[in-house]
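*Asks:* only the shape, not the letters, is given here:
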């Protein structure tokens, strides 16, 4: 009752009235803008025209002054000149009076002043050269300034500004007298010139608004007529046959009933078809989720279960055998832990990760792992997808996964040992051949090869030990060594294998010894891994550049640049991960070991790569104090 009384006191306009008002308002706004723009444009044109008339009159008067000077060439005295141009028979005076008496002209007054600013007058104060002297404005507004102003400022100043605008011009040097010409323009004349176009524009605008209102009424009637017919037909069905229904264009009773009935039947058949299709899709989706390891519940935003996996009721201990279509809180109870986390997800409008729940079932209590995926559309809640799994089964599966992962890691480590042992073995084979050649010929000193073989055997032993202790802390033996010498040794060791790939290694070493504290074997193995990877990244061969340098902060840098295939964007965050590799047959240990070796030396390894152009590795290591002083 209160609602009806409120609507009676403050009736809300109907759709038709709002449509008519909106179209009329839009037309009024457009007409107003166009009218204002047209009036401001006409104001500017009239002001410009008035200024042109004043300029033209000024030129005529100055020309008349020059003619007066030519006729009175015998007059030498300045006062006689004033007497001549201010006399009653002067052409200048006649021209000024004609401009004032012109019918409909905008000129309000005219006068000439001498350099002192006084009006030019003949002897004895007679015949002052001023026409309409009584209208002279003591503080007129500059006509040229009015013309330079904006259109809206001009319009406001014409209707609310001073009564007179003045145009003035200094007399030229060849005039008979010196001074200034003053021309006053009446603002009333300018306003009168604007009245006619303003009236015309207002009339056109009013007609346009009336026309827009008529079009709005017609279009509203045309658009709303079908809605009114349908509404009347449905109202007739609701009231019954004996109740009168007012219609703008009444139809025959049977025709109305049959038309609306047919439409309603069609709509019902369509809804039934959509529902059948929805049930089919629901059954197919149920078959899909029945094969999923986890049990799923799809809940709408009202807390009602739309879809449930088979046996989900048994898993959570529901009293009913079918959850679909029922509110989850009424089925399980408000105190059930699953209901609480679902309500928490809706309340906080966020998803909830894996949570362990204690579900009470007829066979006893059992722990579940549940997660809730909150679903929303355009910021509005839609529902939630609940994932359920038995905790005991999950633990068994996780244990099996851990065991299989450890076995896989063990197998990869075994294959990795063979990969890492290959490099020192290759070097040993090469130098054994050189040593055999020297021993057979008896030429050359075998001591360098023996030292290299001894060094590689020790490095091989360290490689094996490193793999066995990869997951355990390593205690590196940090001894002072020259980084330039170490890099040169690595380049010499890698030169033979690089040549097998068609790669030439160039080195650019810092001219000053770079003494660092490092484990030579660990660091040598790291550099060798990076260089060999760079050679393998250049299948067509090329040049691999190795350089040492000192940064401004005093750290030593080893820069290794290849011109190979580069590293793809998706692999850049994983290349230092243990066992990650993109090479066929690779083990993914080389770069991981290099990364670990640099970290053990308190260094840092970075890289920059571009696919198809190559990769640059930058290894920075702290320099010992004696090296820094030597470098400087």
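*Replies:* It's in. Given the structure is predicted, the values throughout are model-derived calculations rather than measurements.
*Asks:* what sits closest to residue 624 if chain neighbours are left out?
*Replies:* residue 515 (5.0 Å; Cβ to Cβ, 6 or more residues apart in numbering). Using the backbone N, CA and C atoms, a C-beta is placed for each residue, glycine as well.
*Asks:* looking at strand pairing, list the partners for that neighbour.
*Replies:* On the basis of DSSP bridges, residue 515 is bridged to residue 482.
*Asks:* looking at the chain, which helix is longest?
*Replies:* helix 15-71 (DSSP state H).
*Asks:* mean confidence score for that helix?
*Replies:* For helix 15-71, mean pLDDT is 81.
*Asks:* that helix packs against which elements?
*Replies:* Helix 15-71 is packed against helix 78-86, helix 91-101, strand 107-113, helix 143-148, helix 151-160, strand 164-170, strand 180-186, helix 187-239, with contacts defined by 3 or more Cβ pairs under 8 Å, 6 or more residues apart in numbering; DSSP states H and E.
*Asks:* one step back: need the pLDDT of the residue nearest to residue 624.
*Replies:* Residue 515 carries a pLDDT value of 92.
*Asks:* what separation is there between it and residue 600?
*Replies:* Here residue 515 is placed at a distance of 18 Å from residue 600 (Cβ to Cβ, to the nearest Å).
*Asks:* residue 609 too?
*Replies:* For residue 609 relative to residue 600 (Cβ to Cβ), the value is 24 Å.
*Asks:* same check on residue 158?
*Replies:* Distance, residue 158 to residue 600, by Cβ to Cβ: 89 Å.
*Asks:* before we move on, back to that, now the longest helix of the chain: how far from the chain's centre is it?
*Replies:* 45 Å (Cα atoms, centre = their mean, to the nearest Å).
*Asks:* then stretch 164-181?
*Replies:* Distance of stretch 164-181 from the chain centroid (Cα atoms, centre = their mean) equals 63 Å.
*Asks:* buried residues of that stretch, list them for me.
*Replies:* Within stretch 164-181, the residues scored as buried using 16 or more other Cβ atoms under 10 Å are 164, 165, 166, 167, 168, 169, 171, 175, 176, 177, 179, 181.
*Asks:* the second one pairs with what?
*Replies:* If I follow you right, that is residue 165. residue 141, residue 185.
*Asks:* what ranges in the stretch 451-600 of the chain fall below the confidence cut-off?
*Replies:* Applying pLDDT under 70 to the stretch 451-600 of the chain picks out residues 462-463, 465-474, 578-580, 585-588.
*Asks:* tell me which stretches of it form strands.
*Replies:* Along the stretch 451-600 of the chain, counting by DSSP state E, counting those that start in this stretch, strands occupy 479-482, 503-508, 515-518, 542-550, 556-562.
*Asks:* find the centremost residue of the protein, please.
*Replies:* Centroid-nearest residue in the chain, with Cα atoms, centre = their mean: residue 378, separated by 18.9 Å.
*Asks:* from residue 204, how far off is residue 210?
*Replies:* Separation of residue 210 from residue 204 (Cβ to Cβ) stands at 11 Å.
*Asks:* biggest strand in this structure by residues?
*Replies:* What stands out as the longest strand in the chain, according to DSSP state E, is strand 364-377.
*Asks:* next, the buried residues of that strand.
*Replies:* By neighbour count with 16+ other Cβ under 10 Å, strand 364-377 contains the buried residues 366, 368, 369, 370, 371, 372, 374, 375.
*Asks:* partners of it, with directions?
*Replies:* Strand pairing for strand 364-377, using DSSP bridges, gives strand 352-361 (antiparallel), strand 380-390 (antiparallel).
*Asks:* out of those strands, flag the one nearest residue 567.
*Replies:* Closest approach to residue 567 among those is made by strand 352-361 (33.2 Å; Cβ to Cβ).
*Asks:* could I get the average pLDDT for that closest one?
*Replies:* The model assigns strand 352-361 a mean pLDDT of 75.
*Asks:* for the stretch 301-450 of the chain, which segments are assigned as helices?
*Replies:* 312-316, 328-332, 337-348, 391-441, 447-468 (DSSP state H, counting those that start in this stretch).
*Asks:* if we can go back for a sec, okay but the residue nearest to residue 624 is in contact with residue 550, surely?
*Replies:* No. Residue 515 is not in contact with residue 550 according to Cβ atoms under 8 Å; the separation is 11.4 Å.
*Asks:* so how far is residue 143 from residue 166?
*Replies:* Distance, residue 166 to residue 143, by Cβ to Cβ: 6 Å.
*Asks:* same question for residue 508.
*Replies:* For residue 508, the distance to residue 143 equals 81 Å [Cβ to Cβ].
*Asks:* pick out whichever of those two has more residues nearby.
*Replies:* Taking neighbours as other Cβ atoms under 10 Å, residue 508 and residue 143 compare with residue 143 leading, 21 against 11.
*Asks:* so which of the strands paired with strand 364-377 is nearest residue 310?
*Replies:* Closest among those, once you apply Cβ to Cβ, is strand 380-390, at 12.2 Å.
*Asks:* give me the angle between the closest one and helix 337-348.
*Replies:* 150 degrees (axes from the mean of the first three to the mean of the last three Cα atoms, to 10 degrees).
*Asks:* so where's the stretch 101-250 of the chain uncertain?
*Replies:* 103-104, 121-127, 220-221, 223-250.
*Asks:* can I assume residue 534 is in contact with residue 560?
*Replies:* Yes. Residue 534 is within contact range of residue 560, at 6.1 Å (criterion: Cβ under 8 Å).
*Asks:* what touches both of those two?
*Replies:* Overlap between the contact sets of residue 534 and residue 560, as judged by Cβ atoms under 8 Å, 6 or more residues apart in numbering, is given by 544, 617.
*Asks:* and residue 493, what does it touch?
*Replies:* 423, 427, 524, 528.
*Asks:* if you could redo that for residue 344, that was the one I meant.
*Replies:* So residue 344 contacts residue 352 (Cβ under 8 Å, 6+ apart).
*Asks:* domain map for this structure?
*Replies:* 52-195, 278-394, 405-631 (automatic domain parsing).
*Asks:* what residues are shared contacts of residue 166 and residue 143?
*Replies:* residue 185.
*Asks:* give me the contacts around stretch 379-392.
*Replies:* For stretch 379-392, contacts defined as Cβ under 8 Å, 6+ apart pick out 293-301, 306, 312, 315-316, 338, 342, 345-346, 349, 356, 366-376.
*Asks:* and the gap between residue 31 and residue 156?
*Replies:* With the distance defined as Cβ to Cβ, residue 31 ends up 21 Å from residue 156.
*Asks:* looking at these two, which is more packed in?
*Replies:* For residue 31 versus residue 156, the count of surrounding residues by other Cβ under 10 Å is larger for residue 31: 20 against 14.
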